[in-house]
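Q: Here's my sequence, what's the structure:
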Amino acid sequence: MVHIERVDLNLLAPLAALLEERHVSRAAEVAGMSQPAMSRALQRLRDTLGDELLVRTPGGYRLTPRAERVQRQLRAVLPRLESLFAPEEFDPAEAAEAFRVAGTDFTQVFAPAIFQRVFRESPRSTLHFRTWHDAIYEDLDRGVVDLVFFARSTPLTTLHTEHLFDDRFVCVLSADHPLAERPAIALEEYLDATHVIVGTIGERQTAIEQRLEDLGERRRAGLTVPYHSLALRSVLGTRLVLTLPARLLAEQRPEPGIRILPAPQEIRPLGYHMAWHPRLDGDPAQRWLRNAIRAITSELPEPTQH
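A: So this is what the prediction gives:
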């Protein structure tokens, strides 16, 4: 048996031309080769297949029975090989992809627009949005999810990341809170207050906690919840202070009786990013999804000033 590893696949094009044209010179012209090169290719094909393939007769070259069988097989195989090695294209209108993404509920700022675009432009595709958890980057590395949205927490160094946008922090508190009438909250007042923590990673609001730790400070948690939407409904009628990205307020529409103040200037804006595994860099469907995300997040309006 002649194994595929021992076969020069570069001989496939000359073979197809020879069997179709049944003439060395014409086959060479079709294949873009010189006549001597085609003659050498024919001899190598004869050696490889153990058959003459083309036999000279008074009426010209004739195909051997083996060559006729090979020609029928080539007509089925070559289009598949062409498709296999051709640059892969993605037609969203015809595709039926299963996109798997993950993030916290902060993604409500832009995720609905992504959903709309995917289902409008690729109606046969599906989206599975997974809940954020502490091992989400390992899931990305193992191929359980395709793309993750994240803030300041550092993903695995093996992943590719891209910055999408920044958002500043604001403080949300009840209108009867002692700090409610201040034009802004100073860091000392902020640290003296009791806070609602949105526990996105290990019951920590990482972007804020990391910045305070850099300053050698910590804030006091009175309530820890898993979602920004629940946190926003937790401050009315309490002495709690909630700190969250400003764009969320446009989506959540705080209840009457809520006061919104700028966060202390020491709490710098939040950078929001997406991450994916390098193996998905060249995948046309994933490139299309990332381009859609870039377009949508680049058009996000600036949050209202408070």
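
Q: give the contact list for T64.
A: D51, E52, L53, L54, V55 (CB atoms under 8 Å, 6 or more residues apart in numbering). C-beta: built from backbone N, CA, C; applies to glycine.

Q: wait, which of the residues you listed is closest to L15?
A: Checking the contacts of T64 against L15 by CB to CB gives L53 as the nearest, at 8.1 Å.

Q: my guess is A28 contacts L18, does it?
A: No: between A28 and L18 there is no contact under CB atoms under 8 Å: 9.1 Å.

Q: quick one: common contacting residues for those two?
A: Jointly contacting A28 and L18 under the rule CB under 8 Å, 6+ apart are M38.

Q: who's more crowded, those two?
A: Counted by other CB atoms under 10 Å, A28 and L18 do not tie: L18 has more neighbours, with 27 against 22.

Q: Is the more buried one in a helix, a strand, or coil?
A: helix (DSSP: H, G, I helix; E, B strand; the rest coil).

Q: Quick check: it touching E29?
A: No: in this structure, L18 is not within contact of E29 by CB under 8 Å, at 11.8 Å.

Q: Work out the gap between the host helix or strand of H128 and the centre of the chain.
A: Assigned by DSSP states H and E, H128 falls within strand 126-131. A distance of 12 Å separates the centroid of the chain from that of strand 126-131, by CA atoms, centre = their mean, to the nearest Å.

Q: Which strands border it, and is each parallel or antiparallel?
A: Strand 126-131 has the following strand partners under DSSP bridges: strand 98-103 (parallel).

Q: what about the helices in the stretch 201-306 of the chain?
A: Taking DSSP state H, counting those that start in this stretch as the criterion, the stretch 201-306 of the chain carries its helices at 206-214, 228-232, 246-252, 284-298.

Q: Identify whichever of those lies nearest to R268.
A: Nearest to R268 among those is helix 206-214 (6.3 Å), distances taken as CB to CB.

Q: Just give the nearest non-adjacent residue to C171, would you?
A: Once flanking residues are discounted, C171 sits nearest to L261: 4.8 Å by CB to CB, 6 or more residues apart in numbering.

Q: Show the pLDDT at that neighbour.
A: Here, the pLDDT recorded for L261 equals 94.

Q: Give me the pLDDT value at the residue lying closest to G222 once chain neighbours are set aside.
A: If the residues on either side of it in the chain are set aside, G222 comes closest to T194, at 3.8 Å by CB to CB, 6+ apart. The score at T194 is 97. That number is its pLDDT.

Q: T194 bridge partners, please.
A: R220, L240.

Q: and A250, how many neighbours does it have?
A: Using other CB under 10 Å, A250 is surrounded by 12 other residues.

Q: again, but for V101
A: 21.

Q: I'd like to know the beta-bridge partner residues of it.
A: Going by DSSP bridges, V101 is paired in beta bridges with F129, L147.

Q: For stretch 16-23, give the mean pLDDT please.
A: Stretch 16-23 carries an average pLDDT of 90.

Q: For it, what is the distance to the chain centroid?
A: Per CA atoms, centre = their mean, the displacement of stretch 16-23 from the mean C-alpha position of its chain is 46 Å.

Q: what are the C-alpha coordinates of that stretch, in CSV please?
A: Taking C-alpha atoms only, stretch 16-23 is exported to CSV below (Å, rounded to 0.1, in the frame of the first residue of the first chain):
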residue,chain,number,x,y,z
ALA,A,16,-5.9,16.0,-13.7
ALA,A,17,-4.7,18.0,-16.7
LEU,A,18,-3.1,14.9,-18.3
LEU,A,19,-6.2,12.8,-17.9
GLU,A,20,-8.4,15.6,-19.2
GLU,A,21,-6.3,16.7,-22.1
ARG,A,22,-4.7,13.3,-22.9
HIS,A,23,-1.8,15.2,-24.4
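
Q: Which parts of the stretch 51-200 of the chain are strands?
A: All strands of the stretch 51-200 of the chain, identified by DSSP state E, counting those that start in this stretch, fall at 54-57, 60-63, 98-103, 126-131, 147-150, 160-167, 169-174, 194-198.
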